[in-house]
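Visitor: Only the shape, not the letters, is given here:
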């Protein structure tokens, strides 16, 4: 970065030209060097942008007039692709230190798709009327910030102040002081949810004490997608996939799905992974009135229960039939693994609300059993979900693979012994000393299959 940070200011100029021009002026006033890129899809060029839409389309062999003959979705796709190529060129040339987008729904859609192609760490700010709503389509898994502009168009005493703040914000982000050199540490990926926090924190400390950095993602859908991308992009040397409930939400209609590719990147890349079933005892929804009534009507089905965590979060217990389906899916995903892989299943509960007896240290203060708990009829201290899960797993998991092991552990997910076991397994994998079956004679280990 030079003395002044280069800020790319982007928007649809035939409808938002005044606002984009004002943003560029305020970027300059804040100490940045603005470059305006046009995202117009209507077929005409504004004529004053530093990078007009004709330049955006040129690498694709298209002209602005071509856009007028296409459906707006196709025109938007062309501008998006051209814009992505432009920003990569600017980045390589050292002329892009941050990106600022102004838009309504179309401008936000195009601008966010372009911004998401920039690496993590390059500042990205969307000033968008879509901010006051579901922003997942725009932010996705990237470090994109969003600011609500109050109005869609018009410069006045209110909007000028907001846009001035946006300009100062992106310049400030782009001019942030350099990070102190700390030395590169190998990165361990880990997934956490509230119900697995004690386990994750203990296992994470194990690696932090040994000189690793930890990337602990929140398992709320976007967190799982981000982790899969980080693994695929080569950032992560090993994975503690303690919390996998996003798989259940994907299969059973919950709101925290990470998509069908969850739990596949490490296997495909050969990255060592130690996996567990954290949170797979429940399906996640929003407020109580967002839960499908068919699920509420099944309250007498073994495993089905309702837990209102707070006014905006409701969890529904997974039935024994559903958990068998989950087991099949996990087996399919782990069967593709090319690197060291261990699946650890805690027999006495899969999370803080899956406890037979209240235990504050394990995450549930009681006074009764956790709301997701259901006892195995043959072993009341075990969760009843384990056997059907393992039945489903056995249908799809290739247990003959020398790099894949399954360990049944006679403890609860959040007991220290479980976190220690998972950490030890991954540490051995990273050190090249792990072998399938090496921990099957441990004091808490129960023979697989049950």
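Guide: Great, that's in hand. Remember, it's a predicted structure, so these values are computed and weren't measured experimentally.

Visitor: May I ask which helix or strand of this structure has the lowest mean pLDDT?
Guide: Using mean pLDDT, DSSP states H and E, helix 136-139 stands out as the lowest-scoring helix or strand of the chain, at a mean of 88.

Visitor: Next SSE downstream of it?
Guide: strand 145-147 (DSSP states H and E).

Visitor: Now do the contacts for the residue lying farthest from the centre of the chain.
Guide: Centroid-distance maximum for the chain: residue 47 at 39.6 Å, with CA atoms, centre = their mean. Contacts for residue 47 (CB atoms under 8 Å, 6 or more residues apart in numbering) come out as none. C-beta coordinates here come from the backbone N, C-alpha and C atoms, glycine included.

Visitor: what helix or strand is it on?
Guide: If you go by DSSP H and E, residue 47 is not part of any helix or strand.

Visitor: Show the model's pLDDT score for it.
Guide: Note on residue 47: pLDDT of 94.

Visitor: Domains in the protein, by residue range?
Guide: What automatic domain parsing lists as the domains of the chain is 6-174, 187-282+324-446.

Visitor: possible to save those as a markdown table with distance to residue 304?
Guide: Formatted as a markdown table, the domains of the chain follow (distance: least, CB to CB, whole Å):
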| stretch | distance to residue 304 |
| --- | --- |
| domain 6-174 | 28 |
| domain 187-282+324-446 | 9 |
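
Visitor: where in the stretch 151-300 of the chain is pLDDT low?
Guide: Low-confidence segments of the stretch 151-300 of the chain, defined by pLDDT under 70, are located at 181-182.

Visitor: and the nearest residue to residue 16 once chain neighbours are set aside, what does it touch?
Guide: Taking CB to CB, 6 or more residues apart in numbering, and ignoring the residues beside it in sequence, residue 16 has residue 102 as its nearest neighbour in space, at 5.7 Å. By CB under 8 Å, 6+ apart, residue 102 lies in contact with 9-11, 16, 19-20, 23, 111, 127-128, 149, 163, 166.

Visitor: which of those lies closest to residue 270?
Guide: residue 111 (36.3 Å; CB to CB).

Visitor: Would you agree that closest one falls within a strand?
Guide: No: under DSSP: H, G, I helix; E, B strand; the rest coil, residue 111 sits outside any strand and is assigned helix.

Visitor: Would you map the strands across the stretch 1-150 of the chain?
Guide: Secondary structure of the stretch 1-150 of the chain (DSSP state E, counting those that start in this stretch): strands at 6-11, 33-38, 98-103, 124-128, 145-147.

Visitor: Report the mean per-residue pLDDT for the second one.
Guide: Read it as strand 33-38. 98.

Visitor: what angle do it and strand 6-11 make?
Guide: 30 degrees (axes from the mean of the first three to the mean of the last three CA atoms, to 10 degrees).

Visitor: Could you do the third one as well?
Guide: On the basis of the same axes, to 10 degrees, strand 98-103 is oriented at 10 degrees to strand 6-11.

Visitor: Strand 98-103: partners in the sheet, and parallel or antiparallel?
Guide: As defined by DSSP bridges, the strand partners of strand 98-103 come to strand 6-11 (parallel), strand 124-128 (parallel).

Visitor: can you give me the helices in the stretch 151-300 of the chain?
Guide: For the stretch 151-300 of the chain, the helices defined by DSSP state H, counting those that start in this stretch occupy 157-174, 197-208, 222-232, 245-252, 265-269, 293-296.

Visitor: Could you dump the ones you listed into a markdown table and include distance to residue 324 and mean neighbour count?
Guide: A markdown table is the format used below for the helices of the stretch 151-300 of the chain (distance: least, CB to CB, whole Å; neighbours: other CB atoms under 10 Å):
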| stretch | distance to residue 324 | mean neighbour count |
| --- | --- | --- |
| helix 157-174 | 48 | 18 |
| helix 197-208 | 24 | 20 |
| helix 222-232 | 22 | 22 |
| helix 245-252 | 11 | 24 |
| helix 265-269 | 21 | 21 |
| helix 293-296 | 17 | 12 |
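
Visitor: With respect to residue 335, which of the ones you listed lies nearest?
Guide: Proximity to residue 335 (CB to CB) singles out helix 265-269 among these, at 8.2 Å.

Visitor: Just give me how far the closest one sits from the chain centre.
Guide: Going by CA atoms, centre = their mean, to the nearest Å, the spacing between the C-alpha centre of helix 265-269 and its chain's C-alpha centre is 16 Å.

Visitor: now the helices of the stretch 151-300 of the chain in a markdown table, with distance to residue 445?
Guide: Shown next, in a markdown table, are the helices of the stretch 151-300 of the chain (distance: least, CB to CB, whole Å):
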| stretch | distance to residue 445 |
| --- | --- |
| helix 157-174 | 50 |
| helix 197-208 | 17 |
| helix 222-232 | 27 |
| helix 245-252 | 24 |
| helix 265-269 | 23 |
| helix 293-296 | 35 |
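
Visitor: how many neighbours does the closest residue to residue 442 other than its chain neighbours have?
Guide: Nearest residue to residue 442, sequence neighbours excluded (CB to CB, 6+ apart): residue 421, at 7.1 Å. Number of residues near residue 421 (other CB atoms under 10 Å) recorded here: 24.

Visitor: Is it correct that residue 68 is in contact with residue 40?
Guide: No: Residue 68 is beyond contact range of residue 40, at 10.7 Å (criterion: CB atoms under 8 Å).

Visitor: Pick out whichever of these two has more residues nearby.
Guide: Taking other CB under 10 Å, residue 68 and residue 40 do not tie; residue 40 has more neighbours (26 against 12).

Visitor: Phi first, then psi, for the more buried one.
Guide: phi -60, psi 140 (degrees, to the nearest 10).

Visitor: Where does pLDDT dip in the stretch 1-150 of the chain?
Guide: 1-2.

Visitor: ok, 90 please
Guide: 1-3, 15, 72, 120, 129, 132-137, 140-142, 150 (pLDDT under 90).

Visitor: Contacts for the helix ranked longest in the chain next, please.
Guide: Longest helix in the chain by number of residues (criterion: DSSP state H): helix 72-92. Under the contact criterion CB under 8 Å, 6+ apart, helix 72-92 has outside partners 6, 8, 10, 35, 37, 39-43, 51, 53, 55-60, 62, 66-68, 70, 96, 99, 106, 109-111, 113-115, 117-119, 122.
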